[in-house]
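> Got a sequence here, can you model it:
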Amino acid sequence: MPVKIRLQRHGKKGKPFYWIVAADARSKRDGKYLEKIGTYNPNTNPASIDLDIDETVKWLQNGAQPTDTAKAILSYKGAMLKNHLVGGVRKGALTEEQAEEKFQAWATEKEAKVTAKEDSLSKAKDDSKAAALAAEVKVNEERLAAAQEVENEAIKAAADAKAAAEAAENVVEEVAPETIDDAQAAASEDGKEE
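As a prediction, this is how the structure comes out:
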């Protein structure tokens with residue numbers, strides 16, 4: 001029975017989540033499997049992978065063939081390297097301790113790279129938030145300046161209107177006594193004529 005290490009899709013539409021399984025090559029993609037050896041979630045950045053490396057190496061030693069995508073994931077997590085080192089131990093090229101030491105050195109280096117990537121992503125996210133906040137503050141200041149300018153123009157227009165009304169009132173007061181006197185004189189003349 002040929003065994004494949006492959007991905008089995010789970011999750012909802014548009015949000016895939018995969019199980020990494022050892023399955024018979026003749027079974028359906030999401031069908032019966034022999035053993036679940038890990039999970040892969042591509043929805044996070046960087047993608048989160050949980051893999052039982054020892055079980056994966058056991059399956060690889062027994063002849064299981066990974067698919068292309070599964071092989072990339074296994075290489076990323078170090079299962080292919082560990083399988084290679086176990087093969088070297090079996091041939092006598094390395095001791096068990098040397099193989100474990102090499103694997104641990106590689107794992108710490110890989111962890112440092114992943115941490116650096118996560119840090120750079122979070123820094124980029126923080127920088128973009130800071131830039132957006134600065135742009136928003138600038139826009140708000142421009143809006144406040146424009147609103148203040150409109151308010152100043154309205155106050156100036158109101159003051160001009162008030163001054164014009166006072167000037168018109170003064171003109172009316174100056175003209176009004178003369179016209180009142182003329183009106184009274186005209187009324188008294190009309191009264192004398194009758």
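> Which of the helices or strands spans the spatially most central residue of the chain?
Closest to where the C-alpha atoms of the chain average out (CA atoms, centre = their mean) is residue 125, at 6.9 Å. In this assignment (DSSP states H and E), residue 125 forms part of helix 96-193.
> helices or strands next to that helix in the packing?
helix 79-91 (3 or more CB pairs under 8 Å, 6 or more residues apart in numbering; DSSP states H and E). The way it works is simple: take the backbone N, C-alpha and C, and place the C-beta from them, glycine included.
> buried stuff in the helix it packs on?
By 16 or more other CB atoms under 10 Å, the buried positions in helix 79-91 come out as 79, 80, 81, 82, 83, 85, 86.
> relative to helix 96-193, how tilted is it?
Angle, helix 79-91 to helix 96-193, by axes from the mean of the first three to the mean of the last three CA atoms, to 10 degrees: 170 degrees.
> Can you name the residues in contact with helix 79-91?
Identification of contacts with helix 79-91 by CB atoms under 8 Å, 6 or more residues apart in numbering yields 51, 53, 56-57, 60-61, 71, 74-75, 94-96, 99, 102-103, 106.
> Then stretch 49-59?
Applying CB under 8 Å, 6+ apart, the external contacts of stretch 49-59 come out as 3, 5, 20, 22, 35, 37-41, 73-74, 76-79, 82-83, 86.
> what about the closest residue to residue 41 other than its chain neighbours, neighbour count?
Distance criterion CB to CB, 6 or more residues apart in numbering; nearest residue to residue 41, sequence neighbours excluded, is residue 48 at 4.6 Å. Per other CB atoms under 10 Å, the neighbour tally for residue 48 reads 12.
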